[in-house]
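*Asks:* Mind looking at a prediction? Sequence and model below.
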Amino acid sequence: MTDYKQQLLDRLENRTAKVGVIGMGYVGLPLAVEFARAGYQVVGLDVLPDKVAMLNAGKSYIPDVPTETLAPLVESGHLRATTTYGDLIDADVISICVPTPLRKTKDPDMSYVIAAADEVAKVCHAGLLVVLESTTYPGTTDEVIVPRLIKDGLAVGKDVFVAFSPERVDPGNPTYGVYNTPKVVGGVTPACVEAVTKLYEPAVETVVPVSSTAAAEMVKLLENTFRAVNIGLVNEMAIMCARLGVDVWEVINAAASKPFGFMPFYPGPGLGGHCIPIDPLYLSWKLRALNYTARFIDLASEINTSMPYYVIDLVMEALNDDGKSVKGSKIGVLGMAYKRDIDDVRESPALDIHELLEEKGASVTFNDPYVPNVRLSGNRTATSVELTAEWLAEQDCVVIVTDHTDYDPAFLLEHAKLIVDTRNKIKKQTGNARVVTL
C-alpha cells in the first residue's frame with residue numbers, strides 16, 4: 001500500500017515538491033515568492049493574462065513584492081505563472097488564495113472559492129495537499145473543499161490532505177511580511193496538520209498548529225473582529241470627544257502612556273481594505289444561521305460604516321462657519337487608498353467621501369501619490385491632481401482622509417503627531433480654506 005503522506009513529506013523535505021498558488025494578488029503573490037525562495041518549484045495561477053505576462057517577465061505589480069526580488073526567482077525557474085489549471089495537474093501542493101468578498105446583502109460571496117475548488121477537483125490526485133488561505137467562515141474547508149476532493153474515493157488524511165491557513169498579509173507594512181509573520185495552520189486530520197506544517201516550515205519563521213480547520217478559520221476572524229470592534233469604539237469616542245470639545249488625539253496619546261491594560265487604536269474616516277470591513281461579517285453571517293446575534297460585530301460595523309457620513313457632516317459644518325454650502329464649493333480630498341503609502345483602494349472610505357460630496361453638488365478633486373486614478377459610480381474615472389500650494393489655495397475645504405488603523409502602536413504614536421502637524425501645515429498653505437480631519 002502506497003504511503004502517500006510519507007511521499008509528500010519527503011518531497012517537501014527535499015524541496016522537490018511542486019507548489020501551485022491560485023490567485024496572484026496581494027495574498028497569493030507574496031506567498032508564492034516565499035515558497036520559491038524556500039526552494040520549491042512554484043506555479044502561480046491567475047485568470048488575468050496581463051498579470052501572468054508580467055510575472056513571467058519578472059516584473060511585479062504589487063509594492064510588497066519588489067521586482068528585484070521577483071525577477072531572480074523567475075530567471076532561476078523557481079517561479080512561473082499560468083492561466084491554465086491543467087498546469088497544476090502534477091502539483092504536490094495547491095494553495096487557494098482567491099477573494100472572498102461580501103454581497104450587497106452582506107452575506108459571503110463564496111463563488112471564487114467554489115470555482116477554484118471545482119478546478120482543483122479536476123486535477124486532484126493521491127498525494128495532493130490542498131490549503132485554503134482565503135478568509136472565510138468557520139466550517140468552509142470541511143464543507144466546501146473536502147467534499148470536492150473525495151468524490152473519487154480518495155480519503156482525507158490518507159490519500160489527500162486538506163488544511164486551512166489564514167492569510168495575514170498587511171499591505172504596505174514595512175516590518176512584517178509573509179516570512180516573519182507567524183503562520184497558523186489547521187488540518188482536517190493529524191496527518192494533514194503534519195503535512196501543512198512541513199510545507200510552511202522552510203517558508204516562514206514560525207508555524208502555529210491548531211487542532212482543526214475550523215479553529216484556524218476562527219483565528220483569522222477573531223483577529224479582525226478584535227480590530228473592527230476596537231476601531232468602532234475609538235471612532236465613537238472621536239464623535240463623543242467632538243461633542244464634549246475635547247481633542248481625541250490628546251486623550252488617546254495620554255491613555256497610551258499606561259504601560260498595561262490599554263492598547264491604543266485611532267479614529268479614521270471608516271474601514272478599508274480586504275479584511276477588517278469584511279471578515280467579521282462572515283462570522284456574523286454564520287452565527288445568524290445558528291440563531292445567534294453577534295452584537296459587538298453588528299454594532300462596530302454600524303459605527304464604522306457611518307464614519308464617511310460623519311466626515312461629510314464635519315465638512316458641512318466647516319463650510320457653514322464660512323457662510324458657504326457644500327453645493328458649488330471646491331473640495332480637495334487628500335488620500336484615496338484605504339491607508340497611507342499603498343495603492344490599494346479596496347473598500348476605501350475615501351471613495352464614499354468623494355462620491356457623497358459630489359452628490360451634494362461639490363466640485364471634488366483628490367491627491368494621492370500612490371493612486372493615479374480611481375473608478376467611481378456610473379463608470380466614471382477620477383484622476384489624482386498634483387499636490388501644490390496653488391491647488392490647496394483654490395479649495396474651499398480640504399479633507400484629510402487617513403486611516404490610522406493598520407500600523408503598530410509605536411508607529412501610530414508618531415503618526416498621530418504627524419497628522420496634527422500636517423493639518424496645521426495645510427492650514428497655513430490653504431489661506432482661508434477649511435481643513436477637516438478627525
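*Replies:* Received the coordinates, thanks. What you see is a predicted model; the values in this text were computed from it and never measured. Residues are numbered from 1 along each chain as shown.
*Asks:* residue contacts, residue 231?
*Replies:* When contacts are counted by CB atoms under 8 Å, 6 or more residues apart in numbering, residue 231 touches 265, 267-268, 271, 276, 300, 304, 405. Where C-beta positions appear, they are placed from N, C-alpha and C, glycine not excepted.
*Asks:* any idea which helix or strand carries it?
*Replies:* helix 213-244 (DSSP states H and E).
*Asks:* quick one: that helix to chain centroid distance?
*Replies:* 15 Å (CA atoms, centre = their mean, to the nearest Å).
*Asks:* Could you look up the next helix or strand downstream of that helix?
*Replies:* Following helix 213-244 toward the C-terminus (DSSP H and E): helix 248-255.
*Asks:* tell me which residues in that following helix are buried?
*Replies:* Within helix 248-255, the residues scored as buried using 16 or more other CB atoms under 10 Å are 248-249, 252-253.
*Asks:* Equivalent analysis for stretch 10-23, please.
*Replies:* Buried positions in stretch 10-23, judged by neighbour count with 16+ other CB under 10 Å: 11-12, 17-23.
*Asks:* per-residue confidence at the closest residue to residue 329 other than its chain neighbours?
*Replies:* The shortest distance from residue 329 to any non-neighbouring residue, by CB to CB, 6 or more residues apart in numbering, is to residue 396 (4.1 Å). At residue 396, the pLDDT value in this model is 89.
*Asks:* which ones are touching the residue most central in space within the chain?
*Replies:* Nearest to the mean C-alpha position of the chain, by CA atoms, centre = their mean, lies residue 274 at 3.3 Å. With contact set as CB under 8 Å, 6+ apart, residue 274 has these partners: 26, 99, 344, 346-347.
*Asks:* Make JSON lines from those and add distance to residue 158, secondary structure and neighbour count to it.
*Replies:* Below are the contacts of residue 274 laid out as JSON lines (distance: CB to CB, whole Å; DSSP: H, G, I helix; E, B strand; the rest coil; neighbours: other CB atoms under 10 Å):
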{"residue": "26", "distance to residue 158": "35", "secondary structure": "coil", "neighbour count": "23"}
{"residue": "99", "distance to residue 158": "32", "secondary structure": "coil", "neighbour count": "17"}
{"residue": "344", "distance to residue 158": "41", "secondary structure": "coil", "neighbour count": "19"}
{"residue": "346", "distance to residue 158": "40", "secondary structure": "coil", "neighbour count": "17"}
{"residue": "347", "distance to residue 158": "41", "secondary structure": "coil", "neighbour count": "19"}
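*Asks:* What is the nearest of these to residue 317?
*Replies:* The shortest gap between residue 317 and any of the contacts of residue 274 belongs to residue 347, at 26.1 Å (CB to CB).
*Asks:* Show me the domain layout of the protein.
*Replies:* What the record gives for the chain is the domain set 4-210, 222-436, from automatic domain parsing.
*Asks:* Kindly export stretch 315-335 (C-alpha atoms) in CSV.
*Replies:* What follows is stretch 315-335, C-alpha atoms only, in CSV (Å, rounded to 0.1, in the frame of the first residue of the first chain):
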residue,chain,number,x,y,z
VAL,A,315,-17.3,69.3,6.0
MET,A,316,-20.8,70.9,6.1
GLU,A,317,-20.2,72.4,9.5
ALA,A,318,-16.8,73.8,8.5
LEU,A,319,-18.2,75.4,5.3
ASN,A,320,-21.2,76.7,7.2
ASP,A,321,-18.9,78.5,9.6
ASP,A,322,-17.7,80.4,6.5
GLY,A,323,-21.2,81.0,5.2
LYS,A,324,-20.9,78.5,2.4
SER,A,325,-22.8,75.5,1.3
VAL,A,326,-21.3,72.2,0.0
LYS,A,327,-23.1,72.7,-3.3
GLY,A,328,-20.8,74.7,-5.5
SER,A,329,-17.8,74.5,-3.2
LYS,A,330,-14.4,73.3,-4.3
ILE,A,331,-13.3,70.4,-2.0
GLY,A,332,-10.0,68.7,-2.1
VAL,A,333,-9.5,65.2,-0.7
LEU,A,334,-6.0,64.2,0.5
GLY,A,335,-5.7,60.4,0.3
